[in-house]
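> just a sequence and a predicted model for now, questions to come.
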Amino acid sequence: MAIIKYPLWLLYRIWFYILVAIPIIIMFPLLIISISREEWYPYFFKLARIWSKFILIGMGFGYKIKRDQALDANKSYMFVANHTSMADIMLMLVAVKNPFVFVGKQELSKIPLFGFFYKRTCILVDRSSAKSRQAVFLRAQKRLKQGSSICIFPEGGVPEEHVVLDSFKDGAFRLAINHQIPVVPITFYDNKKRFSYTFFSGSPGKMRAKIHKCLPTEGLTIKDTKSLNDKARTLILNDLTLSLGAKKSHSNQE
């Protein structure tokens, strides 16, 4: 059975990269225009959402988004979520309608075609460089002043397969407090199962996300960073733990 599955998984991975490239090629002139000025970023964001939906649907991922709170279209937020899959970027873009800018690792800028737009629209960070991490704050500040929101995966990378949720870095929460913008925790339930970083894995199916109620930052100071971090992580971890528990219970009943 495994001998049959390995070629199918390989084809599934190749198909993913084909789906990533197709809409970029088709929309290339519009994408180039939309990134030519920073103030036109909301137009790029709309195109990115189309790109994301195309990939998720093409991969056979039926996504379902639950929202505990409606977000103000004219307000900036700090979006944080658990990170387990290459499809996290796509599901985040589909789940959140407010234009936001990703803070992500600069290694992704090396991916052909995708990397061209990634490095021109995202805030790149070299986590091994203190200077690079400081530059993130300056670039994020500029984006927030332009009315965009920020999205960070606060685990700082993808944890090992057996880890449900890694510890959170403080950067996203320090930035949110500095700019007095709400933190919006988001839980991705199925992305690891659907399309993890383990090469020979993945399958079509349901992808669920939950946008939790905002965690306010009004009146908080830098001293409250760790507390805010813990609140966001606990919210996501409890949600993931409940989901995993429900799955195990369902499997036992069967």
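Noted; the coordinates are in hand. Numbering: from 1, shown residues only.
> now the helices for the stretch 1-150 of the chain?
Applying DSSP state H, counting those that start in this stretch to the stretch 1-150 of the chain gives helices spanning 2-26, 28-34, 41-58, 88-95, 114-121, 130-145.
> please identify the deepest-packed of those helices.
The highest mean neighbour count among those, using mean count of other Cβ atoms under 10 Å, belongs to helix 88-95: a mean of 23. Every residue, glycine included, has its C-beta placed from N, CA and C.
> quick check: longest helix in the protein by residues?
Among the segments of the chain that qualify as a helix by DSSP state H, the longest is helix 225-253.
> show me what that helix is packed against.
Helix 225-253 sits against strand 78-81, helix 171-179, strand 183-188, with contacts defined as 3 or more Cβ pairs under 8 Å, 6 or more residues apart in numbering; DSSP states H and E.
> okay, buried residues for that helix please.
Buried residues in helix 225-253, counted by 16 or more other Cβ atoms under 10 Å: Thr225, Leu228, Asn229, Ala232, Arg233, Leu235, Ile236, Asp239, Leu240, Ser243.
> taking these, tell me the two that lie furthest apart.
Thr225 and Ser243 (27.6 Å; Cβ to Cβ).
> OK, contacts around the closest residue to Tyr197 other than its chain neighbours?
Using Cβ to Cβ, 6 or more residues apart in numbering and skipping the chain neighbours, the partner closest in space to Tyr197 is Val158 (5.4 Å). Contact partners of Val158, counting by Cβ atoms under 8 Å, 6 or more residues apart in numbering, are His83, Thr84, Ser85, Tyr197.
> can I take it that Val158 is in a helix?
No. Applying DSSP: H, G, I helix; E, B strand; the rest coil, one finds Val158 to be coil, outside a helix.
> I figured Met86 hits Thr198, correct?
No. The pair Met86 / Thr198 is not scored as a contact, 11.1 Å apart, by Cβ atoms under 8 Å.
> out of the two, which sits in the busier spot?
Shown here are Met86 and Thr198; by other Cβ atoms under 10 Å, Met86 has more neighbours (18 against 11).
> what's the burial count for the closest residue to that one other than its chain neighbours?
Closest residue to Met86 apart from its sequence neighbours, by Cβ to Cβ, 6+ apart: Phe195 at 6.2 Å. Applying other Cβ under 10 Å, we find 27 residues neighbouring Phe195.
> ok, so what distance separates Phe195 from Val96?
The gap separating Phe195 from Val96 is 19 Å, by Cβ to Cβ, to the nearest Å.
> and what of Phe102?
Counting by Cβ to Cβ - Phe102 and Val96 are separated by 11 Å.
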